[in-house]
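In: Generate coordinates for the sequence data below:
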Amino acid sequence: MNFTNFDFDQLFGMSDDTNPLMMLIWIVPIIIFVFYGQRIQLYITSGEIKKGIKKLDGFRSESRTELIKYVEKNCMTHDDYVNKIDRFLDYFTIMPVDMDPNGIVEKVKHTVRSRDDYTREHVKLLSPGINDLELAKVQTLLEIASSLQMIYKIINHMFLTAKKQNNYPLILPLQMLLPFIMEQAEAMKDAIPAFKKGQPVGDGIGPMVVGKMMLGLEKESASFQTVLAQTEFENRHLFLLKAEGPASTVGRPADALQKIIEKNKLDAIIMIDAALKLEGEDSASVAQGFGAAIGGIGTEKFEIESVATNNSIPVFSIVIKQSVKEAITLMTKEIAGESENVLLQVHDMIRDNTSEGQSILIIGVGNTSGVPQ
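Out: Next comes the predicted model:
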């Protein structure tokens, strides 16, 4: 083909006489996107976010219904229990002022524990005579329903604010965060059946390992909803600590550690906990590390680190990787199957990092729902 004589104007439908219709076809969309592009993007993005908000609304309604049904079926309640539950769902916690960080941990700890104590006492008033196991279940279901309600309200507020102002940049962060928020909200909703039945969840793998080590040993209360047992392993003294199962609780390991250290010298602390896996990592994979492996708002972690630092105690950790959903839903066979492997790694860690005659505290961190000792 001779490109020298090729007529490009003919190929693209152009000639010396410009076609007005072709100009309109090219220019009109450009003008529309220049002046209305942001609004068009806002409408498209709004449709996606609306679907997510509708799901969140369904999650919060379902969790509330499940809570009311459970209380109605398993607890002796007053006539106005539904209204009381609805009031609980709207409770909020105002964190202390942190302009001066000095003493902030104690303030946060006091605020959070006050809320926990208040909720516990009012669940008892809601159902006089309720036993500790049922109390823990109701309290956990109440926390799930309350969290889902708060997530829905915040996301809906952000969406309506952006839509009201026709502000596309304001809605962009919400669009980016929504998949992660939906993952956590869906995990909470799916966690309800396991907690209702008092079954183990993925986060309970730490207490499960330590609970197995406690079998056949004498237990004592170490702090609120936290139990302690003692045993020997290859001429080393072991203190075994976990939340008191099979109720749904994480206990107060930091308070227990403080009491133990007042009467005993510890040479090492080993913490076993679940950890969120990264995308691409295998579920139920086990990793070892150094430092306090414990989640939550940070007060327990701070206190454990403070005790360890003040007494020059090394803190080792073993974590079992899992997704957000696996952590708070029914424990999978793969995660439960790693308990023996973790126990072997605990023994190896003791041998490698301590000597005969020393004392080691082993803490099973996590929600001990369905996990006895």
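
In: hey, let's count contacts and neighbours off CA atoms from now on
Out: Fine.

In: Now do the helices in this protein.
Out: 8-11, 20-74, 81-89, 104-126, 132-164, 168-197, 205-214, 253-263, 299-310, 324-328, 333-337, 339-353 (DSSP state H).

In: hey, which of the ones you listed is tucked in deepest?
Out: Highest mean neighbour count of the helices of the chain: helix 205-214, a mean of 25 (counted as mean count of other CA atoms under 10 Å).

In: number of nearby residues for Thr77?
Out: Neighbour count for Thr77, taken as other CA atoms under 10 Å: 19.

In: Wait, it touches Ser127, no?
Out: Yes: at 4.8 Å, Thr77 counts as touching Ser127 under the criterion of CA atoms under 8 Å.

In: Can you pull out the low-pLDDT segments for this protein?
Out: Within the chain, the segments meeting pLDDT under 70 span 1-18, 24, 28, 32-39, 78-79.

In: Quick check: can you list the domain ranges of it?
Out: As assigned by automatic domain parsing, the chain contains the domains 39-197, 202-364.

In: roughly how far apart are the nearest residue in space to Ala136 that is not next to it in sequence and Leu240?
Out: Leaving aside its sequence neighbours, Ala136 sits nearest to Ser248 (CA to CA, 6 or more residues apart in numbering; 5.3 Å). Per CA to CA, to the nearest Å, Ser248 is found 19 Å from Leu240.

In: out of the two, which sits in the busier spot?
Out: Taking neighbours as other CA under 10 Å, Ser248 and Leu240 compare with Ser248 leading, 32 against 22.

In: Could you double-check that that one sits in contact with Gly366?
Out: No: using CA under 8 Å, Ser248 makes no contact with Gly366, being 9.8 Å away.

In: Return the residues in contact with Asn353.
Out: Listed by CA atoms under 8 Å, 6 or more residues apart in numbering, the contact set of Asn353 is empty.

In: can you tell me how far Leu83 sits from Arg64?
Out: To be clear, residue 83 is Asn; Leu isn't right here. In this view, Asn83 and Arg64 are 12 Å apart by CA to CA.

In: what does Lys212 give?
Out: Look at Lys212 and Arg64: by CA to CA, they are 35 Å apart.

In: for Phe290, which residues make a bridge with it?
Out: Legend: beta-bridge partners of Phe290 under DSSP bridges are Phe316.

In: That one contacts Phe316, doesn't it?
Out: Yes: in this structure Phe290 lies within contact range of Phe316 using CA under 8 Å: 4.5 Å.

In: between these two, who's got more neighbours?
Out: Phe316 (21 against 12).

In: list the contacts for the more buried one?
Out: Contacts of Phe316 by CA under 8 Å, 6+ apart are Ala268, Ile269, Ile270, Met271, Gln288, Gly289, Phe290, Gly291, Ala292.

In: Quick check: beta-bridge partners of Leu238?
Out: As for beta bridges, Leu238 partners with Thr231, Ile360 under DSSP bridges.

In: So for this protein, the centremost residue is which one?
Out: Nearest to the geometric centre of the chain sits Val324, at 6.6 Å (CA atoms, centre = their mean).

In: Now do the same contact list for Thr354.
Out: By CA under 8 Å, 6+ apart, the neighbours of Thr354 are Asp267, Ala268.

In: end to end, how far does stretch 75-94 reach?
Out: End residues of stretch 75-94 are separated by 30 Å (CA to CA).

In: quick one: that stretch to chain centroid distance?
Out: Centroid separation between stretch 75-94 and its chain, computed with CA atoms, centre = their mean, to the nearest Å, is 23 Å.

In: do the same with stretch 348-357
Out: For stretch 348-357 - counting by CA atoms, centre = their mean - the centre lies 33 Å from the chain centre.

In: can I get the CA coordinates of that stretch in PDB?
Out: Extracted C-alpha coordinates of stretch 348-357, given in PDB (Å, rounded to 0.1, in the frame of the first residue of the first chain):
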ATOM      1  CA  ASP A 348      10.000 -25.200  72.100                       C
ATOM      2  CA  MET A 349       9.800 -21.500  73.000                       C
ATOM      3  CA  ILE A 350      10.100 -22.300  76.700                       C
ATOM      4  CA  ARG A 351      13.100 -24.500  76.000                       C
ATOM      5  CA  ASP A 352      14.800 -22.000  73.800                       C
ATOM      6  CA  ASN A 353      14.300 -18.900  75.900                       C
ATOM      7  CA  THR A 354      14.300 -20.100  79.600                       C
ATOM      8  CA  SER A 355      16.500 -22.200  81.900                       C
ATOM      9  CA  GLU A 356      15.600 -24.800  84.400                       C
ATOM     10  CA  GLY A 357      14.300 -23.400  87.700                       C
END
